[in-house]
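J.: I would like to see how this sequence folds:
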Amino acid sequence: MGAMQPPDHALREELALANRGFYEVFQRLDFDAMRALWLDSPSIRCVHPGCEALIGPECVHASWRAIFTSTKAIHFKVGAITLELHGTTGVVGCIERLLDGELPPRVESIIAATNVFVRRNGRWLMSVHHASPIERRFFPESV
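T.: Numbers count the residues shown, from 1 in each chain. Coordinates of the predicted model:
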């Protein structure tokens, strides 16, 4: 018999922390920490804004290395967060507001993101990150 799962509210808290950790690592431009956040599986995938789907660890990790190598600083304000649990899979939807480096910061772009995590050995690991720029809204008051 497998280990008992924590109750849903604890899993949701852990999932929210994992998602927050993803953005903290992203803002630090820390490649090793980013790599450690991802599930070790050939099925992982990542869609950066305006890019094709990258599938598998080699492509996904190479994309993060390229982003971190070519970026001096990046700052996000993440909001409109939704969390869903489906057994050992967690889906986080959110809006990323990419901020420039000025003071006070200005929003450069608004991005809709979906982050899918899989729970393994008591940790939520990223399986999918899909980010798409928002160019128009169907429901302007919702974002």
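
J.: Mind giving me the packing neighbours of the helix ranked longest in the chain?
T.: Counting residues, the longest helix in the chain under DSSP state H turns out to be helix 8-28. If contacts are counted by 3 or more CB pairs under 8 Å, 6 or more residues apart in numbering; DSSP states H and E, helix 8-28 sits against helix 31-37, strand 75-86, strand 89-99, strand 107-120, strand 123-133. Any C-beta I mention is one placed from the backbone N, CA and C, and that applies to glycine too.

J.: wait, what's in contact with the closest residue to Val107 other than its chain neighbours?
T.: Excluding its sequence neighbours, the residue lying closest to Val107 (CB to CB, 6 or more residues apart in numbering) is Arg97, at 4.9 Å. Contact analysis of Arg97 by CB atoms under 8 Å, 6 or more residues apart in numbering lists 76-79, 107, 109-111.

J.: Can I get these in TSV including neighbour count, pLDDT and distance to Ala18?
T.: TSV is the format used below for the contacts of Arg97 (neighbours: other CB atoms under 10 Å; pLDDT from 0 to 100; distance: CB to CB, whole Å):
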residue	neighbour count	pLDDT	distance to Ala18
Phe76	17	90	16
Lys77	13	94	19
Val78	17	96	13
Gly79	10	95	17
Val107	10	77	25
Ser109	13	92	24
Ile110	15	94	23
Ile111	18	96	19
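
J.: which one among those gets closest to Ala10?
T.: Nearest to Ala10 among those is Val78, at 21.5 Å by CB to CB.

J.: quick one: that closest one and Trp38, what's the gap?
T.: In this view, Val78 and Trp38 are 18 Å apart by CB to CB, to the nearest Å.

J.: Tell me which residue lies nearest the centroid of this structure.
T.: Asn115 (4.6 Å; CA atoms, centre = their mean).

J.: Without its sequence neighbours, what residue ends up closest to that one?
T.: Val92 (4.5 Å).

J.: Looking at strand pairing, list the partners for the one you found.
T.: Val92 has these beta-bridge partners by DSSP bridges: Leu83, Asn115.
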